[in-house]
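Asks: test case, fold it:
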Amino acid sequence: MPITKYLWDGDNILAETDGSDTVTTVYTNEPQQYGNLVSQRSGTTTSYFHFDALGSTRQLTNVAGVVSDTFTYNAWGEEVARTGSTATPFRWIGELGYYWDSDRQMYHVRRRSLVSPAGRAIAHEVTN
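Replies: Just a heads-up that it's a prediction; the model follows:
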């Protein structure tokens with residue numbers, strides 16, 4: 001199973017690396033706390049995020065402005081429809097840094113994990 005590590009600057013995602021610490025994806029955020037995710041670059045492909053009022057990713061577009069992916073969610077953040085195949089963990093409330101862990105089938109919200117559809121948060125021990 002491949003290992004993915006996330007590199008953060010405070011509350012903003014910067015990049016993903018693989019098990020050998022090679023950068024696989026780079027993220028662009030607005031310069032503020034809780035980021036406002038703008039884009040991701042994986043290899044030579046750049047995708048731009050388009051969010052709804054909640055901050056959930058509704059579309060990804062390429063550099064030409066063409067829609068490559070669309071997303072629809074229910075009230076609990078479960079993806080109910082999707083087109084496209086661009087890999088991105090930032091879907092439901094992705095603008096604010098919620099990211100989907102497909103291995104564990106849960107969202108991570110900074111130092112907590114959210115089990116959907118139960119709506120339960122799992123606290124994690126903070127280590128320095």
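Asks: which outside residues touch stretch 27-40?
Replies: With CB atoms under 8 Å, 6 or more residues apart in numbering as the test, stretch 27-40 has contacts from 10-15, 25-26, 41, 46-49, 88, 90, 94-97. Backbone N, C-alpha and C define where each C-beta goes, glycine included.
Asks: spatially central residue in the protein, please.
Replies: F90 (1.7 Å; CA atoms, centre = their mean).
Asks: do you have the strands of this structure handy? List them.
Replies: Counting by DSSP state E, residue ranges of the strands within the chain are 5-9, 12-17, 23-29, 37-42, 45-51, 57-61, 67-73, 79-83, 99-101, 106-109, 112-115, 120-123.
Asks: quick one: low-confidence residue ranges for the chain.
Replies: Scanning the chain with the threshold set as pLDDT under 70 gives 1, 35, 97, 103-104, 108, 110-128.
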